[in-house]
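Visitor: Sequence and predicted structure are below.
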Amino acid sequence: MTVRHGLIVALMSLAGPGNALIAPAGAAAFTCPETSPDGASGPSLPRADLYSGADDITAGNRLGELMAILRSSGLKPALIVDRLIGEYCPLVAADAALSDRQKADRVRRFARLVTGMAYMPADPGEVEVLVQTALSPGLLDQVDEAAGRAGMSRDAWIDRAIRSQLANP
């Protein structure tokens, strides 16, 4: 199964038929998707560990540990994604300090993160790491123009710019 196909399968299993990750525009409040009964199998996970420190570097390490626990229980990647999002979403939904849009954004970022982790081989050796960052439309246009002038793809140009900056800080 390709990574792209796996991502589509994981995202479809997340929402399920008739459910959405975020409520429609006219809806009153953020709601979490219903998870499948199959996603409930496997070892129990401490819910607070999925959310506390979510912005800290250590949260990634904890998520890796939880991923290893679920993999060792024999869960397939799609069910791991479903399970982790099913555990994480209610914690975000209960955070009164966040707007509905912020909650949806947090769950989407978490979903992308755990999907990438779930479909990565358990022992990948040295692999490339995907870094995601938001760019303003104006800055993205500048990057695209610079990449075009250099005859490179956007990704290749960004990679070269980062390497160049690190070589000459």
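Guide: That came through, no problem. Residues are numbered from 1 along each chain as shown.
Visitor: can I see the domain layout of this protein?
Guide: According to automatic domain parsing, the chain is divided into the following domains: 3-118, 137-167.
Visitor: and the ones you listed, which one is worst for confidence?
Guide: Averaged per stretch, pLDDT over the domains of the chain is lowest on domain 3-118, reaching a mean of 70.
Visitor: Alpha carbons of the longest helix seen in the chain, in CSV - could you do that?
Guide: Longest helix in the chain by number of residues (criterion: DSSP state H): helix 100-118. Presented in CSV, the C-alpha positions along helix 100-118 are these (Å, rounded to 0.1, in the frame of the first residue of the first chain):
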residue,chain,number,x,y,z
ASP,A,100,-14.0,25.9,17.3
ARG,A,101,-11.6,26.8,14.4
GLN,A,102,-8.6,26.4,16.7
LYS,A,103,-9.9,23.0,17.9
ALA,A,104,-10.4,21.8,14.3
ASP,A,105,-6.9,23.1,13.3
ARG,A,106,-5.4,21.3,16.3
VAL,A,107,-7.1,18.0,15.5
ARG,A,108,-6.2,18.3,11.8
ARG,A,109,-2.5,18.8,12.7
PHE,A,110,-2.6,15.9,15.1
ALA,A,111,-4.3,13.7,12.5
ARG,A,112,-1.5,14.6,9.9
LEU,A,113,1.2,13.8,12.5
VAL,A,114,-0.2,10.5,13.7
THR,A,115,-1.0,9.4,10.1
GLY,A,116,2.6,10.0,9.1
MET,A,117,3.8,8.1,12.1
ALA,A,118,1.5,5.2,11.8
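Visitor: and Phe30, which of the three is it?
Guide: When classified by DSSP: H, G, I helix; E, B strand; the rest coil, Phe30 comes out as coil.
Visitor: At which residues are the helices of the chain located?
Guide: Secondary structure of the chain (DSSP H): helices at 3-15, 48-51, 57-72, 77-93, 100-118, 137-150, 154-167.
Visitor: Run through the neighbouring helices and strands of the longest one.
Guide: If you count contacts as 3 or more Cβ pairs under 8 Å, 6 or more residues apart in numbering; DSSP states H and E, helix 100-118 packs onto helix 3-15, helix 57-72, helix 77-93. All C-beta atoms are positioned from the backbone trio N, CA, C, and that covers glycine.
Visitor: thinking again about what came up before, out of the helices of the chain, the one nearest Cys32 is which?
Guide: helix 77-93 (3.7 Å; Cβ to Cβ).
Visitor: Tell me which other helices or strands that closest one touches.
Guide: helix 3-15, helix 48-51, helix 57-72, helix 100-118.
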